[in-house]
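Asker: I would like to see how this sequence folds:
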Amino acid sequence: MPQKYWFLTLGLSWALLFQYCAHPPEIDSNSVFRYNEYRNVTSLDPAFARNPQNIWPINQLFNGLVQLDSTLSIQPEIAKHWSLNKEGTTYTFVLRDDVYFHPSPHFGRQKTRKVVAQDFVYSFDRLLDPQLASPGRWVMQQVAHYEALNDSVFQIELKNPFPAFLGLLSMRYCAVVPQEAASLEDFRKNPIGTGPFYFKRWEENVKLVLRRNPNYFEQDSKGQKLPYLEAIAIQFIPDIQSEFMLFLQGKLDFINSIDATYKDQLLNPQGNLRPKYESQFVMQKGPYLNTEYIGFNLEAKNTPIEDIRIREALNIGFNRASMIAYLRNNIGTPAKKGFIPKGLAGSSQTDFVYDPVKARALVAAHKEEYGDPSPIRIATDANYVDLCEFLQSELEKIGLSIQIDIMPTATLRQAKSKGQLELFRASWIADYPDAENYLSLFYSKNFSPNGPNYTHYANAQFDALYEQAVQTLAEPMRVERYQKMDSLALSSFPLMPLYYDEVVRFTQKNITGIPLNPINVLDLKRAQKKTTPN
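Answerer: Residues are numbered from 1 along each chain as shown. Alright, predicted model coming up:
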């Protein structure tokens, strides 16, 4: 083809694309995926992808070097492939050459441009920028240096070997962003990414709309461009019961998890969908790398939990199986085997067997030495009052008085980080598929507020094992060290593991193509919404 005609064809193709994005066709409601986010979205900037409500829409808008599949295996994304040197410290990524940013006036007359390695340099620099104050800055702790060797090759050098690093890169903190747009103050509400959907409209506290990216680079196994949906519409109704009613009416396509207000209506005591709903909805259930727990502030003074006997009594003085059956219709698994949840290699052989006789004896021994203990205060937010009331009732039977302090979620999070609480209800959802993610909560250099060690557990032997394990390339040896670390930490009872959660999702019958994954990230690029007969 003569060069002038090639440029003419290319220009016409881009013109059609930009016209599509500037004036998209009317959306067929049968190709719009609708869900509600009762917790609200605070930012669409991947540097602030710190919680599920932000991560879910950000995951539709942005891409990184690598991604996780439904089994948590690392797969290519913008990186076509990569290599690791024999020392395990230098990753070299070769990038795809067909990834473009969503069209935007910020790119000038061309409206878009191709992603190059220097964009990752900028994105990582931005993540580290103290003025931005990204909560994801910690993912770069193991990085010594990174650079663009050319437009197509991006290299990262680590301070030490760290086998979990590729998993870290799959987090949306590490997504690529364009300097032309991300350097502006309003990027949180006007994001420009490369993902399967582009940003269309956000009326805060009301609705967020994303549209199909017609130039997305990924395809299905038949060579068809992804995504299939034309749009995603996210509402922000704060009332969970109202969300459920909209789902029953067919006005939402999807709800995530199970709430106490409607669990018995949807599920039988065995945790299965009731027959009356089997013709209307599809229930998906699978492992979730989420440990729900009660944390102890080990630096709290003049409190019963200073005595390890009381901490042990708290751990063995309630029936986890009954708690799961009564409060969650058997959704989840009793956390009897340490802090690392089912599905990750490294879980210890610790076994918190329900033993109320021993628990009462431990409490009695404490009372004999110190007198009657003062009430133990557990801080929680409104979503987990029923769980704390169950513990309150159970632990009173072994001689412990429990006081429940209910506070707003943000207040609870801040007080927990500052070490202002005696006991606190919390959860730890894996950011990446490696048990180190959980064991980091016991590493003394991670004391909050500068890290996730909210209990302020400190043990020199644990720290030495941790530092060895994170640099161990041989998986069997690394897993063995993980098991020792989990057992060692839990032998001091710095927290009460409650249960290992499960991913539970409900969709309308006409929705397909949404894979479950153990970190419960919503991936809609292969979702389809089939037309249902009236």
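
Asker: residue ranges with poor pLDDT in the protein?
Answerer: Using pLDDT under 70 as the threshold, the predicted model of the chain has low-confidence ranges 1-29, 349, 532-534.

Asker: just give me the neighbour total for the closest residue to A435 other than its chain neighbours.
Answerer: Using C-beta to C-beta, 6 or more residues apart in numbering and skipping residues adjacent in sequence, the residue nearest A435 is G346, 3.4 Å away. Heads up, the C-betas are built off the backbone N, CA and C, glycines and all. Neighbourhood size, G346 [other C-beta atoms under 10 Å]: 22.

Asker: for G346, give me its contacts.
Answerer: Counting by C-beta atoms under 8 Å, 6 or more residues apart in numbering, G346 makes contact with 340, 435, 439, 478-479, 482-483, 486.

Asker: of those, which is the most crowded?
Answerer: Per-residue neighbour counts (other C-beta under 10 Å) across the contacts of G346 peak at I340, which has 29 neighbours.

Asker: so D501: helix, strand or coil?
Answerer: When classified by DSSP: H, G, I helix; E, B strand; the rest coil, D501 comes out as strand.

Asker: isn't it up against Y293?
Answerer: No: shown here, D501 and Y293 do not form a contact pair, counting by C-beta atoms under 8 Å, at 10.9 Å.

Asker: so what sits against both of these two?
Answerer: Residues touching both D501 and Y293 comprise S427, with contact defined as C-beta under 8 Å, 6+ apart.

Asker: looking at these two, which is more packed in?
Answerer: Neighbours were tallied for D501 and for Y293 using other C-beta under 10 Å; the higher tally belongs to D501 (24 against 20).

Asker: against R328, how distant is the more buried one?
Answerer: 9 Å (C-beta to C-beta, to the nearest Å).

Asker: and for these two, which residues touch both?
Answerer: Shared contacts of D501 and R328, defined by C-beta under 8 Å, 6+ apart, are not found at any residue.

Asker: P57 belongs to a helix?
Answerer: Yes: secondary structure of P57 (three-state DSSP): part of a helix.

Asker: now do the contacts for it.
Answerer: 41, 44, 208, 210, 232, 234.

Asker: one more: A382?
Answerer: Contacts were defined as C-beta under 8 Å, 6+ apart; by that measure A382 touches I406.

Asker: can you list the contacts of P57 in CSV and add distance to A182 and secondary structure?
Answerer: Written out in CSV, the entries for the contacts of P57 read as follows (distance: C-beta to C-beta, whole Å; DSSP: H, G, I helix; E, B strand; the rest coil):
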residue, distance to A182, secondary structure
V41, 18, coil
L44, 11, coil
L208, 19, strand
L210, 18, strand
I232, 22, strand
I234, 22, strand
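
Asker: can I get the residues you listed in a markdown table including neighbour count?
Answerer: Written out in a markdown table, the entries for those read as follows (neighbours: other C-beta atoms under 10 Å):
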| residue | neighbour count |
| --- | --- |
| V41 | 21 |
| L44 | 23 |
| L208 | 21 |
| L210 | 27 |
| I232 | 26 |
| I234 | 21 |
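
Asker: want to throw those residues into a markdown table with distance to F124?
Answerer: Compiled in a markdown table, the contacts of P57 are given as follows (distance: C-beta to C-beta, whole Å):
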| residue | distance to F124 |
| --- | --- |
| V41 | 24 |
| L44 | 19 |
| L208 | 27 |
| L210 | 25 |
| I232 | 28 |
| I234 | 28 |
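
Asker: tally up the residues packed near the residue nearest to N40 when sequence neighbours are not counted, please.
Answerer: Leaving out its chain neighbours, the residue that sits closest to N40 by C-beta to C-beta, 6+ apart is F236, at 5.1 Å. For F236, the number of neighbouring residues by other C-beta under 10 Å comes to 18.

Asker: now do P304
Answerer: By other C-beta under 10 Å, 23 other residues sit near P304.

Asker: residues in contact with the nearest residue to it once chain neighbours are set aside?
Answerer: Once its chain neighbours are removed from consideration, P304 has its nearest residue in P373; the separation is 3.7 Å (C-beta to C-beta, 6+ apart). P373 makes contact with 304, 310, 363, 366-367, 400-401, according to C-beta under 8 Å, 6+ apart.
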